[in-house]
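Visitor: Everything below, folded, please.
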Amino acid sequence: RERMTTQDVEAITPQTLINIRPVVASIKEFFGTSQLSQFMDQTNPLAGLTHKRRLSALGPGGLSRERAGFEVRDVHPSHYGRMCPIETPEGPNIGLIGSLASYGRINAFGFVETPYRKVVDGKVTDQVDYLTADEEDRYVKAQANTVLNADGSFAEPRVLVRTKGGETELMRAEEVDYIDVSPRQMVSVATAMIPFLEHDDAN
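Guide: Reported below is the predicted structural model:
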C-alpha cells in the first residue's frame with residue numbers, strides 16, 4: 001500500500017510494487033541447504049526416472065532415522081498401488097525412503113492415488129477411478145489377474161478380493177466394486193523390470 005501511494009500511477013509496474021527478495025531467498029534456501037534437495041542421478045534414464053519418483057519420510061516436518069521405529073518402516077496395506085513395497089534402501093533409511101508405484105499419482109491435496117477399473121453388476125467396465133487409501137478402504141477390490149470372460153464378466157462365481165484393511169477373502173462376483181488395472185500396479189517402475197519378481201529376494 002505504501003509503495004502504491006509513493007509511486008506515479010502512470011509509471012507503476014509490478015516490479016516496483018512487489019518485493020521478490022523473500023521469495024528468491026526461500027527458493028535458494030531450499031535448493032541450497034534443504035535435506036530433500038539432491039543432484040539428480042543421471043547414470044542412465046532409469047536411474048533418473050527412479051530418482052524423480054522417490055518418496056521420503058525424512059526432512060523438515062518428517063521423521064528422523066534415530067526415532068523411527070519398526071512400525072513406521074514396515075509395509076502397510078495403504079501402500080498398495082501407491083508406494084513400492086520392494087524398492088527401499090538397505091541400512092538406516094530402510095522403509096523411510098520409498099518409491100512411487102508404477103500407476104500412482106499425487107492429487108491436488110498431496111495424497112497419493114492409484115487407479116482401479118469400476119465393476120458394475122459383476123462386469124468390468126472401462127471406467128477408471130483414482131482412489132486414495134481411505135476411499136479405497138470402503139470398497140471390495142479384485143486382483144488384476146482375475147480371469148474374465150470376453151464380455152468383461154468374471155469367469156468364476158467366487159473371486160479372490162481385498163476388503164477393508166487389506167484382508168483377502170473369496171467373495172461372490174456381484175459383490176466386487178473395483179478391479180486392479182495391472183499386476184504391476186503395486187510395484188515401482190524399476191521393480192517392474194525385474195524378471196520373475198515373485199522368485200526374487202526382497203528387503
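Visitor: ok, for the residue nearest the centre of the chain, nearest residue in space, not its chain neighbours?
Guide: Centroid-nearest residue in the chain, with CA atoms, centre = their mean: Arg82, separated by 3.6 Å. In this structure, Arg82 finds its nearest non-sequential neighbour in Val112, 4.1 Å apart by CB to CB, 6 or more residues apart in numbering. Using the backbone N, CA and C atoms, a C-beta is placed for each residue, glycine as well.
Visitor: phi, psi of the one you found?
Guide: Per-residue torsions, Val112: phi -90, psi 130 (degrees, to the nearest 10).
Visitor: follow-up on the earlier one: surely the residue nearest to the centre of the chain meets Tyr103?
Guide: No. Applying CB atoms under 8 Å as the test, Arg82 and Tyr103 come out as separate, 9.3 Å apart.
Visitor: what touches both of those two?
Guide: Thr114 (CB atoms under 8 Å, 6 or more residues apart in numbering).
Visitor: Identify the residues contacting the residue nearest to the centre of the chain.
Guide: By CB under 8 Å, 6+ apart, the contact set of Arg82 is 100-101, 104, 112-114, 133.
Visitor: Just the pLDDT for it.
Guide: On the pLDDT scale, Arg82 is placed at 95.
Visitor: what about Ile97, distance to Lys123?
Guide: 41 Å (CB to CB, to the nearest Å).
Visitor: Name the helix or strand for Pro115, please.
Guide: Using DSSP states H and E, Pro115 sits in strand 112-120.
Visitor: any idea of the angle whichever helix or strand comes after that strand forms with strand 112-120?
Guide: Where DSSP H and E defines the elements, the next helix or strand beyond strand 112-120 is strand 123-131. If you take axes from the mean of the first three to the mean of the last three CA atoms, to 10 degrees, strand 123-131 sits at 160 degrees to strand 112-120.
Visitor: can you tell me which of the contacts of Arg82 lies nearest to Leu160?
Guide: Thr114 (18.6 Å; CB to CB).
Visitor: Quick check: that closest one touching Gly81?
Guide: Yes. Counting by CB under 8 Å, Thr114 does reach Gly81; the two are 3.1 Å apart.
Visitor: what about the helix ranked longest in the chain, distance to the chain center?
Guide: Secondary structure of the chain per DSSP state H: the longest helix is helix 21-33. Taking CA atoms, centre = their mean, to the nearest Å, one finds the center of helix 21-33 at 27 Å from the center of the full chain.
Visitor: all strands for this structure, in order.
Guide: 54-56, 97-99, 105-106, 112-120, 123-131, 141-142, 158-162, 168-172, 178-180 (DSSP state E).
Visitor: which residues touch the fourth one?
Guide: With contact meaning CB under 8 Å, 6+ apart, strand 112-120 is reached by 80-83, 100-101, 103-107, 124-133, 136, 139, 141-142, 176-181, 185.
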